[in-house]
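Asks: A structural model of the following input is requested.
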Amino acid sequence: MKTISPLALTEAPAAAQPVLAQVNRLLGRVPNMYGVMAHSPATLEAYAQLSNALRKGTLGASMAERIALASAEYNGCNYCLAAHTYTGAKAGLSENDILDARKMDSVDPKVNAGLAFTRQLLAAPNSLSPNDIQRLQEAGYTEGEVLEIIGNVVRNIFSNYVNIVAGTPVDWPPVAHPLNETTHENR
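Replies: Below you'll find the model as predicted:
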């Protein structure tokens, strides 16, 4: 059920148009999520600035996409799941990598530690302890990368919630492999 319709670049408030134009230049189109966020230029700018800043980090596109897939699956955001299945493949993730990220799992021990931390952030952030940070560091994450994992989880919760509430129409290729577990309640 669509509750907030996406705005086209020409329909958006003037304050949102520069961000939408930048997205259009980068992606060759304005995805519906950005059109939805354009109703609030402040929301659109906040999301774009957070996303742009995190892209400059050292965590890497591959791990950022895995976090996005894990978050979308956990929160039941079909829009983000479709978007990050597509962009994850563009970032070099295999079909198995994508499915594993959705399950918050990986055969790579470092990635697996990052996804386990992501799961804790999504499910019970108050349960985190210094031991959880130590496990990440032992797996090879720097303190800065730990903060980038947190930033990516927050960015994806932001977009997941916007798209779930708005009922954003999916304008990405459909997800080919649904999982049996689609919400955090089943984990």
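Asks: Quick check: the gap between the most centrally placed residue in the chain and Pro130.
Replies: Central residue of the chain (Cα atoms, centre = their mean): Ala68, 3.0 Å from the mean position. Here the criterion is Cβ to Cβ, to the nearest Å. By it, Ala68 lies 27 Å from Pro130. Where C-beta positions appear, they are placed from N, C-alpha and C, glycine not excepted.
Asks: can you check Arg102 too?
Replies: The value you get for Arg102 to Pro130, if Cβ to Cβ is used, is 29 Å.
Asks: Over to Glu143?
Replies: Separation of Glu143 from Pro130 (Cβ to Cβ) stands at 12 Å.
Asks: Between those two, which has more neighbouring residues?
Replies: Between Glu143 and Pro130, counted using other Cβ atoms under 10 Å, the more crowded position is Glu143 (10 against 7).
Asks: excluding its backbone neighbours, what's nearest that one?
Replies: Nearest residue to Glu143, sequence neighbours excluded (Cβ to Cβ, 6 or more residues apart in numbering): Gln137, at 7.5 Å.
Asks: The one you found touches Ile149, doesn't it?
Replies: No. Gln137 is not in contact with Ile149 according to Cβ atoms under 8 Å; the separation is 11.9 Å.
Asks: what about the two, which has more around it?
Replies: Ile149 (23 against 14).
Asks: wait, that one sits on Thr142?
Replies: No. Between Ile149 and Thr142 no contact is recorded; they are 10.7 Å apart, counting by Cβ under 8 Å.
Asks: List the buried residues for the longest helix seen in the chain?
Replies: Using DSSP state H to define each element, the chain has its longest helix at helix 143-166. Under the neighbour-count criterion of 16 or more other Cβ atoms under 10 Å, helix 143-166 has 145-146, 148-153, 155-160, 162-164, 166 buried.
Asks: Centre of the chain to it, how far?
Replies: Counting by Cα atoms, centre = their mean, to the nearest Å, helix 143-166 is centred 6 Å from the centre of its parent chain.
Asks: Kindly export it (C-alpha atoms) in PDB.
Replies: Presented in PDB, the C-alpha positions along helix 143-166 are these (Å, rounded to 0.1, in the frame of the first residue of the first chain):
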ATOM      1  CA  GLU A 143      37.800   1.200  15.600                       C
ATOM      2  CA  GLY A 144      36.900   3.500  12.700                       C
ATOM      3  CA  GLU A 145      35.400   0.500  10.800                       C
ATOM      4  CA  VAL A 146      33.400  -0.400  13.900                       C
ATOM      5  CA  LEU A 147      31.900   3.100  13.800                       C
ATOM      6  CA  GLU A 148      31.300   2.700  10.000                       C
ATOM      7  CA  ILE A 149      29.300  -0.500  10.600                       C
ATOM      8  CA  ILE A 150      27.200   1.400  13.100                       C
ATOM      9  CA  GLY A 151      26.800   4.300  10.600                       C
ATOM     10  CA  ASN A 152      25.700   1.900   7.800                       C
ATOM     11  CA  VAL A 153      23.200   0.100  10.000                       C
ATOM     12  CA  VAL A 154      21.700   3.500  11.000                       C
ATOM     13  CA  ARG A 155      21.600   4.600   7.300                       C
ATOM     14  CA  ASN A 156      19.800   1.400   6.400                       C
ATOM     15  CA  ILE A 157      17.300   1.500   9.200                       C
ATOM     16  CA  PHE A 158      16.600   5.100   8.000                       C
ATOM     17  CA  SER A 159      15.900   4.000   4.400                       C
ATOM     18  CA  ASN A 160      14.100   0.800   5.500                       C
ATOM     19  CA  TYR A 161      11.700   2.700   7.700                       C
ATOM     20  CA  VAL A 162      11.000   5.400   5.000                       C
ATOM     21  CA  ASN A 163      10.300   2.800   2.400                       C
ATOM     22  CA  ILE A 164       8.100   0.600   4.700                       C
ATOM     23  CA  VAL A 165       6.000   3.600   5.900                       C
ATOM     24  CA  ALA A 166       5.800   5.200   2.400                       C
END
